[in-house]
Every structure is written in structure tokens, then in C-alpha cells.
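Peer 1: Can you look at this prediction? I've put the sequence above it.
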Amino acid sequence: MVSLAALVIPLLAVWLWGPVRGMSRQARLVAIALTALLGVTPALLLKLLQAGAMDYATLAYLQVPGGWVLGTLVLILAFLLARDGAWLAARAAALMGGGDTWHLRLRGRRLTGTAVVLALGAAGFGTAQGLQPPTVREQVVHLPQLPEALDGLRVAVLADIHASPINHTAYVQSVVERTHAARPDLIVLPGDLVDGDVGSSAAFVAPLAQLRAPHGVWAAPGNHEYYGGYNAWMAEFRRLGLGVLANQTQVLQVNGARLALSGVGDPVYGRTSHHNADPRVPEGVPPDVPAVARQARAAQADFHLLLAHQPKLARDNAAHGVDLQVSGHTHGGLISGMDRWLVAPFNNGFVRGQYDVDGMRLFVSAGAGLWAGFAVRLGVQPHIDLLVLRRGTAS
């Protein structure tokens, strides 16, 4: 990631300022250098964290402005595509004898400078939005194969809380209180509950110990748990009273029906972390849906609900008889209108909301929090998702 950023962002800086007319050579070089330096700084900070050269408590506060910068660059990329697309069209018209000078104005200092200022403002607004606590969003999930006994089951989904010095104790406390106010029958947390290591962030995730629901509170790991020391975090979650499911299935008796609730490991398994007991040895487990599917069949479950942090393996999971998969990870795509071409390709097309996947229903949450490294939301609000399961198909 750092290597890619070190290559792409300087090229973006050259693309932004290189063609602009009316700038002196010195001003152009300064603008390119400043844009490139600010752009790669968030990636360099992350590299320092991964190397153990900076503690997370310090880094978290630096990540928020870094995310603002990255958000600005994403918006500038959209501007550049529009600017130079229009420039090509205007240039072609001028060459055909139209006498139009639009191609000159499209690469003028005023337009580019205005676009940079607007991108900074929009990304700043998006950063403020990204740091807001989530609201409860209730929605119906229609499932033709749902047993009658489970019809109306209320499942609260708390995905991607990312408890940290930024999404701090008060933030997580508000998530707990708003979840309880929604009166769920079951609470699930499909990964990325935290950022950082246990020593830095245990106090921020502590309010989750207050979560209560008639059919329990269950969590599956996400990629950030692996980054922050998997074994230590799983032990901390269990200490808080959360039911941890990592390639495991719990059968819940609900109104006489047998609901198999499974959770699997995350695809990032195999990466080491300096927060591990032995930094040279990976911790945790890879996702093993065949194993939990066997457990559900052996228990003669009437319905199988799977917690899998990343949605991208949904098509593979559907082949194992899963009825409903609940995921997070994508943060809903972060920026409406750009999510489909920035986030979707990395997640096999799944960004947020409900999908029919080969007979399985997939729900991807936009998240109840946000990673401080890109705390930007534009048109994609954070939510505590309350899923009301209904037997049948949508009318």
C-alpha cells in the first residue's frame, strides 16, 4: 500500500498541476511537491505504525487530517477526469476550426485552484460527517426460506465500530444506548470492532460489555482485529462478555426453531503484526465456511445466518447452504457516486445494502463507525442496522 501510494500520488500531483497554464516553473514545482508530500504522508504514518515505530494513541489523531487529505485527492481525481475529458473535446473543436478557446480556460489557474479549494471543503465536510455517531436504520429483509418461528426476528448489526482514541468511549457508549433503544432480539458485530492494540484501545471498546439482547451478543473478527493483535483482542472480547465466533457455529433456540449463527475468520489471515504474542507468527484463523456449514447441518439447523466481515466471498459462501450473510468492511463505499468504481471492484461488486447471491441473501452494512485513516463520508451515513427478518418475498 505504501509503495503504491508513493508511486500513484506523486503522479496525481503532476497530473493536477503540470498542465495548468500561467504558473511559473517554481510555483508549479512547489505545488506538485506539496501535493505529493501531503498525499503520501498518511501512508507513511501507517507504515510507521505497522513497523512499531509509532504508538497508535499518537497516530490516531494524525490519521484524521491525513484522511481529509486523501478524501481531497479522491475528489480531485474526479475533477481531473472531468477537466481533461472536457479539454480533449474543446481542443478537438478548436482544431476543427471552431475558434473556441475553452481548451485554454479549462487548464487555467482559476479553474484548477477553485476545484482544489472546493475539494478541500467537501472533504472537510465529509470528515465531520464521518465522525458523527450512527443512527438506527430499520429495514426488512425478505427471506422465502425463513421458518415461521423466526418471522419478525429483530437483528441489530453493529459493523465497523473501529473503537479508538477517535471513536472513543463516549462514542461507543452512544452506540450501545441507541442499539438498546431499538429493542433487538439478537445483536451481531461482524468485525472491525476496534483499531489499534489492546493496550491503546481497550478502554474505548469497554462499553460493549453493556450490550444485552434476548438471544445474545455475538461477534466475528475483522481485518483490524488481526492488525491489532488477534489473540489479545479475542481474549478481551470474551472478557467483555461477547460471544466470539471464529469458524464456529452457535445454535440458538428461537421460538422452537434452530437458528445456526456462525462467524468466520478474515481473509487477511497470514499477515503478521508486531502486536502478536510472537510478531513473527500469524494469529487467528482464515475464513472456513465449509466448516461452519458442516456444523450447522450437524445441528439440523432450520436457518443459517453467517457473520463474515468481508462480503467479497459471498458467492462462494452461498454454495454452502448459507441463508443470510451479514458483512461490513466496505463502510458503504464512503462517497456516494464514487463507491461503485472505487470500492465495489475490490469487493466483487458488493458495497452496501441487500443482494441476492445465488439463493442466499447478503446484507452489507455501511458501518456504525469509521477507520480514522479515512474518516470521510459524503452521502453515505453511518448506521446501526436493525434487520427485521420476514418470511416471503418483497412485494
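Peer 2: Nice, I can see it. Residues are numbered from 1 along each chain as shown.
Peer 1: Output the below-cut-off pLDDT ranges for the stretch 201-350 of the chain.
Peer 2: In the predicted model of the stretch 201-350 of the chain, no residue satisfies pLDDT under 70.
Peer 1: what element comes up after the helix or strand where residue 9 lies heading to the C-terminus?
Peer 2: Following DSSP states H and E, one finds residue 9 within helix 2-17. Using DSSP H and E, the helix or strand that directly follows helix 2-17 along the chain is helix 25-50.
Peer 1: Show me what that next one is packed against.
Peer 2: Helices and strands touching helix 25-50, by 3 or more C-beta pairs under 8 Å, 6 or more residues apart in numbering; DSSP states H and E, are helix 2-17, helix 56-93. C-beta coordinates here come from the backbone N, C-alpha and C atoms, glycine included.
Peer 1: Among those, which comes closest to residue 185?
Peer 2: The closest of the helices and strands packed on helix 25-50 to residue 185 is helix 56-93. By C-beta to C-beta, the value is 34.3 Å.
Peer 1: ok and that closest one relative to helix 25-50, angle-wise?
Peer 2: Following axes from the mean of the first three to the mean of the last three C-alpha atoms, to 10 degrees, one obtains 140 degrees for the angle between helix 56-93 and helix 25-50.
Peer 1: Can you list the buried residues in helix 56-93?
Peer 2: 56, 59-60, 62-64, 66-80, 83, 87, 90-91 (16 or more other C-beta atoms under 10 Å).
Peer 1: same check, this time on stretch 387-395
Peer 2: Neighbour-count burial for stretch 387-395, counted by 16+ other C-beta under 10 Å, picks out 387, 388, 389, 390.
Peer 1: shouldn't the first one be in contact with residue 141?
Peer 2: Yep, that's residue 387 we're talking about. Yes - with contact defined as C-beta atoms under 8 Å, residue 387 counts as touching residue 141 (5.0 Å).
Peer 1: Next, show the common contact partners of these two.
Peer 2: The contact sets of residue 387 and residue 141 overlap at residue 363 (C-beta atoms under 8 Å, 6 or more residues apart in numbering).
Peer 1: quick one: low-confidence ranges for the stretch 1-150 of the chain?
Peer 2: Applying pLDDT under 70 to the stretch 1-150 of the chain flags residues 1-6, 97-103.
Peer 1: For the protein, just list every one of the helices.
Peer 2: Here the chain has its helices, by DSSP state H, at 2-17, 25-50, 56-93, 102-105, 109-130, 169-181, 198-205, 223-227, 230-239, 289-298, 314-318, 339-342.
Peer 1: Which among those is found nearest to residue 189?
Peer 2: Nearest to residue 189 among the helices of the chain is helix 230-239; the distance by C-beta to C-beta comes to 8.7 Å.
Peer 1: which parts of that closest one are buried?
Peer 2: 230, 232, 233, 234, 236, 237.
Peer 1: which one among the residues you listed gets closest to residue 192?
Peer 2: Nearest to residue 192 among the buried residues of helix 230-239, counting by C-beta to C-beta, is residue 233 at 10.7 Å.
Peer 1: what sits against that closest one?
Peer 2: Counting by C-beta under 8 Å, 6+ apart, residue 233 touches 193, 194, 198, 221, 225.
Peer 1: Return the residues in contact with the fourth one.
Peer 2: In this case it means residue 221. Neighbours of residue 221 in contact, by C-beta under 8 Å, 6+ apart: 191, 230, 233, 234, 244, 246, 263, 265, 266, 284, 309.
Peer 1: 7 Å instead, please
Peer 2: Residue 221 sits next to 191, 230, 246, 265, 266, 284, 309 when contact means C-beta atoms under 7 Å, 6 or more residues apart in numbering.
Peer 1: same deal with the last one?
Peer 2: When contacts are counted by C-beta under 7 Å, 6+ apart, residue 225 is found next to 191, 193, 194, 233.
Peer 1: So the third one versus residue 361, what's the distance?
Peer 2: Residue 194 sits 28 Å away from residue 361, taking C-beta to C-beta, to the nearest Å as the criterion.
Peer 1: ok, these two, which is more surrounded?
Peer 2: A side-by-side neighbour count of residue 194 and residue 361, using other C-beta atoms under 10 Å, places residue 194 first with 29 against 24.
Peer 1: And the pLDDT for the more buried one?
Peer 2: Residue 194 is assigned 97 on the pLDDT scale.
Peer 1: these two touch, right, it and residue 202?
Peer 2: No - with contact defined as C-beta atoms under 7 Å, residue 194 does not reach residue 202; the gap is 8.4 Å.
Peer 1: mind giving me a markdown table with the helices of the chain and columns for distance to residue 187?
Peer 2: Shown next, in a markdown table, are these (distance: least, C-beta to C-beta, whole Å):
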| stretch | distance to residue 187 |
| --- | --- |
| helix 2-17 | 36 |
| helix 25-50 | 30 |
| helix 56-93 | 26 |
| helix 102-105 | 56 |
| helix 109-130 | 23 |
| helix 169-181 | 7 |
| helix 198-205 | 15 |
| helix 223-227 | 18 |
| helix 230-239 | 13 |
| helix 289-298 | 19 |
| helix 314-318 | 22 |
| helix 339-342 | 27 |
